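Engineer: kindly generate the corresponding structure for this input.
(4 chains)
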2 protein chains.
Amino acid sequence: MSDRDRGLAPVERSAGLAHRVPDLGALELLLAVARLGSLGRAAQSLGITQPAASSRIRSMERQLGVALVDRSPRGSSLTDAGALVTDWARRIVEAAEAFDVGAQALRDRRDSRLRVAASMTIAEYLLPGWLIALRAERPDTAVSLLAGNSTVVAERLLADEADLGFVEGPTVPAGLDAAVIAHDHLIVVTAPDHPWARRRKPLDAAELASTPLILREKGSGTRQVLEGALGGLARPLIELSSTTAVKSSALSGAGPAVLSELALGEELSARRLVRIPVEGIRLRRALRAVWPTGHRPAGPARDLLSLTRGPAT
Amino acid sequence: MSDRDRGLAPVERSAGLAHRVPDLGALELLLAVARLGSLGRAAQSLGITQPAASSRIRSMERQLGVALVDRSPRGSSLTDAGALVTDWARRIVEAAEAFDVGAQALRDRRDSRLRVAASMTIAEYLLPGWLIALRAERPDTAVSLLAGNSTVVAERLLADEADLGFVEGPTVPAGLDAAVIAHDHLIVVTAPDHPWARRRKPLDAAELASTPLILREKGSGTRQVLEGALGGLARPLIELSSTTAVKSSALSGAGPAVLSELALGEELSARRLVRIPVEGIRLRRALRAVWPTGHRPAGPARDLLSLTRGPAT
DNA sequence: CTCGGGCATAAGCTGGAGTTATGAGCGACC
DNA sequence: GGTCGCTCATAACTCCAGCTTATGCCCGAG
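Structural biologist: Just a heads-up that it's a prediction; the model follows:
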């Protein structure tokens, strides 16, 4: 746990991100202004009055110390700095939308119409995006979400307490039909100052197996896939109980880590972590949609399923 | 513009994401509770009192309709739902951190010690991450940021109004030394219900050149790279003036788009957009750090440069 | 049995964000 | 040139979310 602590807070924050970043309402307002070209219309689109919007944008500019919008009697447009800030803001708002749909699904546990049961990795990283897309097509579908391992997912489906499930790993629980919807690739990453980050040649299996790695605990999905690919061998440097903890340790430079590419977005593109190519072994596992044998998904479940696979068939 | 509007708001929001998602302070608090295992310690770490934390977590639970933490006289730990929510929250907080360092750099324009000039794409998608890493190593470095095209970046550097620059594209402005720090790959994407999403075979250059695409305007960096790779041919379906607008149009299903992989994170992994493989042409451009000829980066500029390349040399 | 860490409750204060009402700048149009 | 219409800014007031301090309950450890 203490490793996780250090990993998550490598630098002492001057206590209060919230005081330096505008709140979600202000960010949404800024995006609306960028989109609609006027404070008044932006205000209207958010259901507040124009003076409220004006004051809020102004206080955001004061907080950031930068002018964000050019006001004129003919409308408002973003300044150069405003355009930059708006794109950063969009990232936050998109993350908030994912949070929202996830939370919505969680909240509607009792009285919902589409009940989804999913493994942790899928529930964390993929489902929010799918549900955003689903909401775009079927805005009035209430979705509930339960997260658990394959066994739990299977139980819920068979007890008719869920309509559609998602599991990861090589096997399909008994009594369920399945369709592979994607593959989750496990990748090897290090902090950018690790010697591996400067290698020219890809790693091979023997090298990977002989190096102590930051791993999930024995029995976890990712660990199983890795040990399967390596023929049972895997040397843990540290064993941690969540994907996030593994990521944090890798970020803090503890060593090479193996984790799902789904968990790594910005860390790779911003080079806070570096992907180390591996050759000769296939580090991937199938992600499957599952449902009780015979009960082909219909209605909202079918809609969601088709979203995860591409075109509706 | 109206295309952009539709792209950004394909579904009518029930006005007020901010009312359904806890504010940043609450999310930070939740992360602190997860990390520290106690409301009191979490409160302390954020500089507030224990009752404030208690009440805030409680109101967040009320808002979400789900219990997030198990309280006991021996501390607090996350419930299953809490763990899920915490991971979604982490995404938001990380986006907010990127916003914060970017804004900080923008704010310190006047009196800063490390002055960076960068192209829009780099300033939007990469610099915040690098600056987070830089702050971890050199917490007291004040960074300023100016965003503009290659010409602007060169001017600033040569006028000694910037210490380090970042540009994208095939050429290095005169009077500057450069080092390639990464390559930005352009990729072809469509919405998942586009016929291309079901292809088995990769696209070839002729096919790409003969299909109308959603593109940036003529003269933009990505457009130049594409036309270079295709030998001057590119059929625009729509021309838009920002990467974000291109992404939005693609998301709304207007057609295939070509854009930087940097701009696509969650959209690909959540299959809201699908990457279409292309063979036979190289759609990439170099990202370069630049500085006035002879003035090798030193001090903070050197630190930042080394972060973008990996190990400090 | 008492102490201490951890959480909950109560009462009071404050500031931020909202509202309505009003004014001022500027282009369009008759 | 007046007048409309759209824009944004300012002022005065209300209200509530979140903070604080003070206090009490619970429960395990010594």
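Engineer: what separates the closest residue to A:Val167 other than its chain neighbours from chain B, distance-wise?
Structural biologist: Computed as CB to CB, 6 or more residues apart in numbering or on different chains, the closest residue to A:Val167 that is not its neighbour in sequence is A:Ser150, at 4.6 Å. Every residue, glycine included, has its C-beta placed from N, CA and C. The gap separating A:Ser150 from chain B is 15 Å, by CB to the nearest CB, to the nearest Å.
Engineer: which residues in the stretch 201-313 of chain A form helices?
Structural biologist: Under the criterion DSSP state H, counting those that start in this stretch, the stretch 201-313 of chain A contains helices at A:205-210, A:221-230, A:243-251, A:266-269, A:300-309.
Engineer: ranking the ones you listed by burial, who's on top?
Structural biologist: Among the helices of the stretch 201-313 of chain A, the stretch with the highest mean neighbour count (mean count of other CB atoms under 10 Å in any protein chain shown) is helix A:243-251, at a mean of 23.
Engineer: any bit of that one sitting next to chain B?
Structural biologist: Yes - Helix A:243-251 lies within reach of chain B by CB under 8 Å from any CB of the partner chain, at A:Thr244.
Engineer: report the inter-axis angle for that helix versus helix A:221-230.
Structural biologist: 60 degrees (axes from the mean of the first three to the mean of the last three CA atoms, to 10 degrees).
Engineer: show me what helix A:243-251 is packed against.
Structural biologist: Applying 3 or more CB pairs under 8 Å, 6 or more residues apart in numbering or on different chains; DSSP states H and E, one finds that helix A:243-251 contacts helix A:2-8, strand A:213-216, strand A:236-240, strand A:257-260.
Engineer: I'd like the average pLDDT over the second one.
Structural biologist: The reference is to strand A:213-216. Model confidence over strand A:213-216 averages 92 on the pLDDT scale.
Engineer: which residues touch it?
Structural biologist: Applying CB atoms under 8 Å, 6 or more residues apart in numbering or on different chains, the contact partners of strand A:213-216 are A:188, A:222-223, A:226, A:234-243, A:246, A:249-250, A:254-259.
Engineer: pull the distance from that strand to the chain's centre.
Structural biologist: 20 Å (CA atoms, centre = their mean, to the nearest Å).
Engineer: also the third one?
Structural biologist: Strand A:236-240 has its C-alpha centroid displaced from the chain centroid by 23 Å (CA atoms, centre = their mean).
Engineer: strand partners (parallel or antiparallel) of it?
Structural biologist: Partner strands for strand A:236-240, per DSSP bridges, with pairing direction: strand A:213-216 (parallel).
Engineer: state which helix of chain A is the longest.
Structural biologist: Across chain A, the longest stretch assigned as helix under DSSP state H is helix A:80-107.
Engineer: that helix near DNA strand C at all?
Structural biologist: No - for helix A:80-107, no contact with DNA strand C is found by CB under 7 Å from any atom of the strand; the gap never falls below 14.6 Å.
Engineer: that helix close to DNA strand D?
Structural biologist: No - Helix A:80-107 stays clear of DNA strand D (CB under 7 Å from any atom of the strand), getting no nearer than 12.7 Å.
Engineer: distance from the chain centre to the helix or strand harbouring A:Glu124, please.
Structural biologist: Following DSSP states H and E, one finds A:Glu124 within helix A:120-125. In terms of CA atoms, centre = their mean, the centre of helix A:120-125 is found 7 Å from the chain centre.
Engineer: restricting to C-alpha, output that helix in CSV.
Structural biologist: Taking Å, rounded to 0.1, in the frame of the first residue of the first chain, the C-alpha atoms of helix A:120-125 are listed here in CSV:
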residue,chain,number,x,y,z
MET,A,120,-13.7,-4.8,-13.4
THR,A,121,-11.4,-3.9,-16.3
ILE,A,122,-14.3,-3.6,-18.8
ALA,A,123,-16.5,-1.7,-16.3
GLU,A,124,-13.7,0.8,-15.6
TYR,A,125,-12.3,1.5,-19.0
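Engineer: need the least confident one among the helices and strands packed on helix A:243-251, by mean pLDDT.
Structural biologist: Lowest mean pLDDT of the helices and strands packed on helix A:243-251: helix A:2-8, a mean of 36.
Engineer: next helix or strand past that one?
Structural biologist: Sequence order places helix A:17-20 as the next helix or strand after helix A:2-8, per DSSP H and E.
Engineer: contacting residues for A:Lys201?
Structural biologist: Shown in contact with A:Lys201 (CB under 8 Å, 6+ apart): no residues.
Engineer: so the longest helix of chain A, near chain B or not?
Structural biologist: Yes - counting by CB under 8 Å from any CB, chain B is contacted by helix A:80-107 at A:80-81, A:83-85, A:87-100, A:102-104, A:106-107.
Engineer: excluding sequence neighbours, find me the nearest residue to whichever residue of the stretch 151-300 of chain A sits closest to chain B.
Structural biologist: Residue of the stretch 151-300 of chain A nearest chain B, by CB to the nearest CB: A:Ala270 (2.4 Å). Excluding its sequence neighbours, the residue lying closest to A:Ala270 (CB to CB, 6+ apart) is B:Gly129, at 2.4 Å.
Engineer: you'd agree the one you found is in a helix?
Structural biologist: Yes - counting by DSSP: H, G, I helix; E, B strand; the rest coil, B:Gly129 is found in a helix.
Engineer: how close does it get to B:Glu28?
Structural biologist: Using CB to CB, to the nearest Å, one gets 19 Å for the distance from B:Gly129 to B:Glu28.
Engineer: same thing with A:Trp291?
Structural biologist: Note on A:Trp291: its distance to B:Glu28, by CB to CB, is 39 Å.
Engineer: again with A:Thr151
Structural biologist: For A:Thr151, the distance to B:Glu28 (CB to CB) stands at 34 Å.
Engineer: the more surrounded of the two?
Structural biologist: Just comparing A:Thr151 and B:Glu28: by other CB atoms under 10 Å in any protein chain shown the higher neighbour count belongs to B:Glu28, 23 against 10.
Engineer: quick one, what contacts the more buried one?
Structural biologist: Counting by CB under 8 Å, 6+ apart, B:Glu28 touches A:Leu17, A:Ala18, B:Leu46, B:Val93.
Engineer: the residue nearest to A:Val167 reaches A:Ala174, doesn't it?
Structural biologist: No - A:Ser150 is beyond contact range of A:Ala174, at 10.7 Å (criterion: CB atoms under 8 Å).
Engineer: the closest residue to chain B within the stretch 101-250 of chain A: neighbour count?
Structural biologist: Residue nearest to chain B within the stretch 101-250 of chain A (CB to the nearest CB): A:Gly129, separated by 2.3 Å. Other residues near A:Gly129 come to 23 when the count uses other CB under 10 Å.
Engineer: hang on, the earlier thing: the residue nearest to A:Ala270 against A:Leu273, yeah?
Structural biologist: No - look at B:Gly129 against A:Leu273 with CB under 8 Å: they stay out of range, at 10.1 Å.
Engineer: name the residues contacting each of these two.
Structural biologist: Contacts common to B:Gly129 and A:Leu273, judged by CB under 8 Å, 6+ apart, are A:Glu267.
Engineer: what pLDDT is listed against the residue of chain A most remote from its centre?
Structural biologist: Among the C-alpha atoms of chain A, the one most distant from their mean position (CA atoms, centre = their mean) is that of A:Pro73, at 41.8 Å. Per-residue pLDDT puts A:Pro73 at 85.
Engineer: A:Asp70: what secondary structure?
Structural biologist: Assignment for A:Asp70 (three-state DSSP): strand.
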